[in-house]
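*Asks:* Can you look at this prediction? I've put the sequence above it.
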Protein chains: 2
Amino acid sequence: MPTAARPNKRLLQGERSRDEILDAASRMMSVRGFDGTSIADIARESGLPNSSIYWHFNSKMGILAAVMERGAERFFASVPTTPPTTDDTPESYLLRTLRDSGVAFVEHPEFLRLFVLLLLSSDAPEVKEIVERVRAHGRTNLHALIQHAFSTVAPERAGAIADELADFAMAGFDGAFLALQATPSVSHERLMEQLAEAVATLGRRIVEA
Amino acid sequence: MPTAARPNKRLLQGERSRDEILDAASRMMSVRGFDGTSIADIARESGLPNSSIYWHFNSKMGILAAVMERGAERFFASVPTTPPTTDDTPESYLLRTLRDSGVAFVEHPEFLRLFVLLLLSSDAPEVKEIVERVRAHGRTNLHALIQHAFSTVAPERAGAIADELADFAMAGFDGAFLALQATPSVSHERLMEQLAEAVATLGRRIVEA
DNA sequence: AGCGTTCTGGAACGATCGGTCCAGATAAAC
DNA sequence: GTTTATCTGGACCGATCGTTCCAGAACGCT
């Protein structure tokens, strides 16, 4: 088992190997799935023997957990979360932030592919836990984004609007990602623009109600 | 290999076995994925020996193809495709038909789960072919639905509106399905209502432009 | 009764699976 | 220079994988 502390400049070769194993595993699992990727595949792809793989991670499931952990970290780090400026309308704020978030989606296809695969087909509790945490985190982000968007025009109802529309917006994201995976030629910018317009309109309608 | 013709009332035991194998395979593959489901699993689940499985289907991939073929057939048969009545507005028609389509989604989770899994992680050409066909069929359905919806208020522009919104609507469906799989407590009715309202609004805006 | 087709029961195949073991290479620590 | 912890190389394990084979049960046809 690897040590958590890395005191000096010594062989960070170990850490580099660890990363290369995770790179290879992430790449292959996001395309073939967890069960479709063997330890031998990862060894071949990373150029390291399976003894190294089992030294860094104690099991195949351990590799998966590490891949998802690192992937989630990087993914959420790339999702922008800037509050609206004073002259932002719900429309302008949603358009900008959803478009930016869409870019994050396009930039992390490996993580998201594997995420959806696990969401649909994994029953291992340690994986389910990560999947649920990632999804909850994503929903919280989206909820805050919508609440932000309407805080300028209806501060006291923005929370309720976000409650109402968070799932819809999330479904829009998920669907846009799937569309992109199924048909790379579709424009994710346009989908994000339409989603922003839809959320803005639905929110406005709640404000007016 | 099984014969296509089944002339008389003889042992339809064969056909029943075939169906039970497909039932078991569909059930397991939609939960564990293709690679996560073994022939032994299917044999155990269906109560039939693997020799029977290989007599009806020549390979594991053959089972998959048959599962998807039958699933797609049943799925599209359950999707309602009724034209609008003369007093339908785009809103009323979209609301009704998308809500009905949403029911079809809820009623065929096995097929759709496996469909998404294969969409994301299968590289076998025979599977890719089916996946693309199913998706194209679905998109065509949705396109026709949107065109129908706006044919009453803007007959000459309904086609262009459908071109513009078909991908967005499809993403809404995909996302709603994923949301339901991730969090069964979300209301698919509400998601479909919001999607209908969003499509109606975006379409209206194109009409007015 | 005999024949032929359809389907089942179960053993068996080589390949690959996830995982283990251990000898040795490497270099920081003393 | 010896020790110690980190990491690699590769053989090896039993289990399971997809697939094959074949004897025979079950039943329609003549």
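*Replies:* Happy to help now that I have it.
*Asks:* contacting residues around A:Ile39?
*Replies:* A:Ile39 makes contacts with A:50, A:53, A:60, as judged by C-beta atoms under 8 Å, 6 or more residues apart in numbering or on different chains. Bear in mind the C-beta positions are built from the backbone N, C-alpha and C, glycine included.
*Asks:* how close does the last one get to A:Met29?
*Replies:* Noted for A:Lys60: a distance of 10 Å to A:Met29, by C-beta to C-beta, to the nearest Å.
*Asks:* Looking at those two, which has the bigger crowd around it?
*Replies:* Comparing A:Lys60 with A:Met29 by other C-beta atoms under 10 Å in any protein chain shown, the one with more neighbours is A:Met29, at 25 against 17.
*Asks:* That one: which element?
*Replies:* helix A:13-32 (DSSP states H and E).
*Asks:* Output the contacting helices and strands for that helix.
*Replies:* helix A:39-46, helix A:50-56, helix A:60-78, helix A:109-121 (3 or more C-beta pairs under 8 Å, 6 or more residues apart in numbering or on different chains; DSSP states H and E).
*Asks:* ok, and the closest non-adjacent residue to A:Gly138?
*Replies:* In this structure, A:Gly138 finds its nearest non-sequential neighbour in A:Met170, 6.7 Å apart by C-beta to C-beta, 6 or more residues apart in numbering or on different chains.
*Asks:* quick one: buried residues of the helix or strand that neighbour falls within?
*Replies:* Using DSSP H and E, A:Met170 sits in helix A:158-182. By neighbour count with 16 or more other C-beta atoms under 10 Å in any protein chain shown, helix A:158-182 contains the buried residues A:158, A:161-162, A:164-182.
*Asks:* ditto for stretch A:187-194
*Replies:* Neighbour counts using 16+ other C-beta under 10 Å place A:188, A:191-194 of stretch A:187-194 among the buried residues.
*Asks:* Closest to DNA strand C out of the contacts of A:Ile39?
*Replies:* Nearest to DNA strand C among the contacts of A:Ile39 is A:Lys60, at 3.3 Å by C-beta to the nearest atom of the strand.
*Asks:* Need the per-residue pLDDT for the closest one.
*Replies:* Looking at A:Lys60, its pLDDT is 98.
*Asks:* what's the distance between it and A:Asn50?
*Replies:* Distance check for A:Lys60 against A:Asn50: by C-beta to C-beta, it reads 10 Å.
*Asks:* try A:Thr37
*Replies:* As judged by C-beta to C-beta, A:Thr37 and A:Asn50 stand 13 Å apart.
*Asks:* same check, this time on A:Asn58
*Replies:* Separation of A:Asn58 from A:Asn50 (C-beta to C-beta): 12 Å.
*Asks:* So for these two, which residue has more residues nearby?
*Replies:* For A:Asn58 and A:Asn50, the more surrounded residue by other C-beta under 10 Å is A:Asn50, and the numbers stand at 15 against 11.
*Asks:* contacting residues around A:Val106?
*Replies:* Residues near A:Val106 by C-beta under 8 Å, 6+ apart: A:180, A:188.
*Asks:* Just want the angle from the host helix or strand of it to helix A:60-78.
*Replies:* Using DSSP H and E, the element containing A:Val106 is helix A:90-107. Calculated by axes from the mean of the first three to the mean of the last three C-alpha atoms, to 10 degrees, helix A:90-107 forms an angle of 140 degrees with helix A:60-78.
*Asks:* and A:Ala160, what pLDDT?
*Replies:* 98.
*Asks:* who's in contact with it?
*Replies:* Neighbouring residues of A:Ala160 by C-beta under 8 Å, 6+ apart: A:Ile206.
*Asks:* End to end on stretch A:150-167, go ahead and measure it.
*Replies:* 16 Å (C-alpha to C-alpha, to the nearest Å).
*Asks:* And stretch A:72-86, by the same measure?
*Replies:* 32 Å.
*Asks:* Just give me the longest helix of chain A.
*Replies:* Longest helix of chain A, by residue count under DSSP state H: helix A:125-151.
*Asks:* Would you mark the buried spots in that one?
*Replies:* For helix A:125-151, the neighbour count (16+ other C-beta under 10 Å) marks A:127, A:130-131, A:134-135, A:138-139, A:141-143, A:145-151 as buried.
*Asks:* picking that back up, what about the helix holding A:Met29, distance to the chain center?
*Replies:* 18 Å (C-alpha atoms, centre = their mean, to the nearest Å).
*Asks:* tell me the average confidence for it?
*Replies:* The average pLDDT within helix A:13-32 is 93.
*Asks:* which residues are in contact with that helix?
*Replies:* So helix A:13-32 is contacted by A:2, A:6, A:36-37, A:41-42, A:45-48, A:52-53, A:56-57, A:63-64, A:66-67, A:70-71, A:109-111, A:113-114, A:117, B:35, B:121, B:123 (C-beta under 8 Å, 6+ apart).
*Asks:* Any buried residues in that helix, and which?
*Replies:* Judged by neighbour count (16+ other C-beta under 10 Å), helix A:13-32 contains these buried residues: A:17-18, A:20-32.
*Asks:* Using CSV, list the CA coordinates for that helix.
*Replies:* Listed next in CSV are the C-alpha coordinates belonging to helix A:13-32 (Å, rounded to 0.1, in the frame of the first residue of the first chain):
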residue,chain,number,x,y,z
GLN,A,13,8.3,7.9,-9.9
GLY,A,14,5.8,6.1,-7.7
GLU,A,15,3.3,8.9,-7.9
ARG,A,16,3.8,9.2,-11.6
SER,A,17,3.1,5.5,-12.1
ARG,A,18,0.0,5.9,-10.0
ASP,A,19,-1.2,8.6,-12.2
GLU,A,20,-0.4,6.7,-15.4
ILE,A,21,-2.3,3.7,-14.1
LEU,A,22,-5.3,6.0,-13.3
ASP,A,23,-5.0,7.6,-16.7
ALA,A,24,-5.1,4.3,-18.5
ALA,A,25,-7.9,2.9,-16.3
SER,A,26,-10.0,6.0,-16.8
ARG,A,27,-9.4,6.0,-20.6
MET,A,28,-10.3,2.4,-21.0
MET,A,29,-13.2,2.1,-18.5
SER,A,30,-14.9,5.2,-20.0
VAL,A,31,-15.0,3.4,-23.3
ARG,A,32,-15.4,-0.3,-22.4
